[in-house]
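> sequence unavailable; structure follows:
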């Protein structure tokens, strides 16, 4: 019996695109399975891996050290190949992640980071090459303004529900989620979508027409 690892590469890059996963997951679950386009690739490249979730809320009374250490503990307790998925309450004005946490995640073998909020230190993140998806970048730190209230609990990130262990696939098109309970079926379906689309692209290139292909398939009883 196949497992989800049969459909993903161990280096953290999915064997199918986020678009294929989003289509397959929505078809099989009946629910939207992709994040809003505001969550975009900031630095690094594509990612794929199981989610660990963090939820940060605004609290201007907490010390910056408290937030940093709580996030570090969460990172150092996670297995390799994890995608850290973070929701930051009204997180556009302060960066929840930067070079130090990015470097820690990179050396610990994380597949990448998805933040419904902002990051900073883009030059360092580019050097580190940690796949990073976020709403954007700002200069100011979330330290002293946010606290961590939940680790590995279901949350909404970029408009999509993410549970611990769900497969997260991100690339230049965005981020898609394959729920853990149906990962194998979703990735198999996504692979079929990919193969079908690739064949269709080749046929369009060869014939210069989509309509001709539709009529030809109809005539052949397909």
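Happy to help now that I have it. As the structure is a prediction and not an experimental result, all values here were calculated from the model. Numbering: from 1, shown residues only.
> which parts of the protein are helices?
Taking DSSP state H as the test, the helices found in the chain are 18-29, 64-76, 99-107, 122-128, 183-207, 211-219.
> report all helices and strands that the first one contacts.
Identification of packing neighbours for helix 18-29 by 3 or more C-beta pairs under 8 Å, 6 or more residues apart in numbering; DSSP states H and E yields strand 167-171, strand 174-178, helix 183-207. To be clear about C-beta, it is placed using only N, CA and C from the backbone, and glycine gets the same treatment.
> deepest-packed of the helices of the chain, please.
helix 18-29 (a mean of 22; mean count of other C-beta atoms under 10 Å).
> so for the top strand by length along the chain, what gets flagged as buried?
When the chain is parsed with DSSP state E, its longest strand is strand 47-58. Judged by neighbour count (16 or more other C-beta atoms under 10 Å), strand 47-58 contains these buried residues: 47-56.
> now do the contacts for the nearest residue to residue 65 once chain neighbours are set aside.
In space, and not counting its chain neighbours, residue 65 is closest to residue 143: 7.6 Å by C-beta to C-beta, 6 or more residues apart in numbering. Contact analysis of residue 143 by C-beta atoms under 8 Å, 6 or more residues apart in numbering lists 63-65, 67-68.
> flag the least confident of those residues.
Across those, the bottom pLDDT score, 84, is held by residue 64.
> tell me the contacts of it?
Contacts of residue 64 by C-beta under 8 Å, 6+ apart are 141, 143-144.
> residue 208: which of the residues you listed is nearest?
Nearest to residue 208 among the contacts of residue 64: residue 141, at 54.2 Å, using C-beta to C-beta.
> just give the closest residue to the closest one, not the sequence neighbours.
Computed as C-beta to C-beta, 6+ apart, the closest residue to residue 141 that is not its neighbour in sequence is residue 95, at 5.8 Å.
> how about residue 197?
Per C-beta to C-beta, 6+ apart, closest to residue 197 is residue 20, 7.8 Å.
> try residue 157
Residue 157's closest residue in space is residue 116 (C-beta to C-beta, 6+ apart), at 4.5 Å.
> pretty sure the one you found is touching residue 175, no?
No - at 10.0 Å, residue 116 does not count as touching residue 175 under the criterion of C-beta atoms under 8 Å.
> so what sits against both of these two?
With C-beta under 8 Å, 6+ apart as the test, residue 116 and residue 175 both reach 35, 39, 158.
> in CSV: the contacts of residue 143, plus distance to residue 190.
Shown next, in CSV, are these (distance: C-beta to C-beta, whole Å):
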residue, distance to residue 190
63, 44
64, 41
65, 42
67, 36
68, 37
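> closest to residue 213 among those residues?
Distances from residue 213 to the contacts of residue 143, taken by C-beta to C-beta, are shortest for residue 67, at 55.3 Å.
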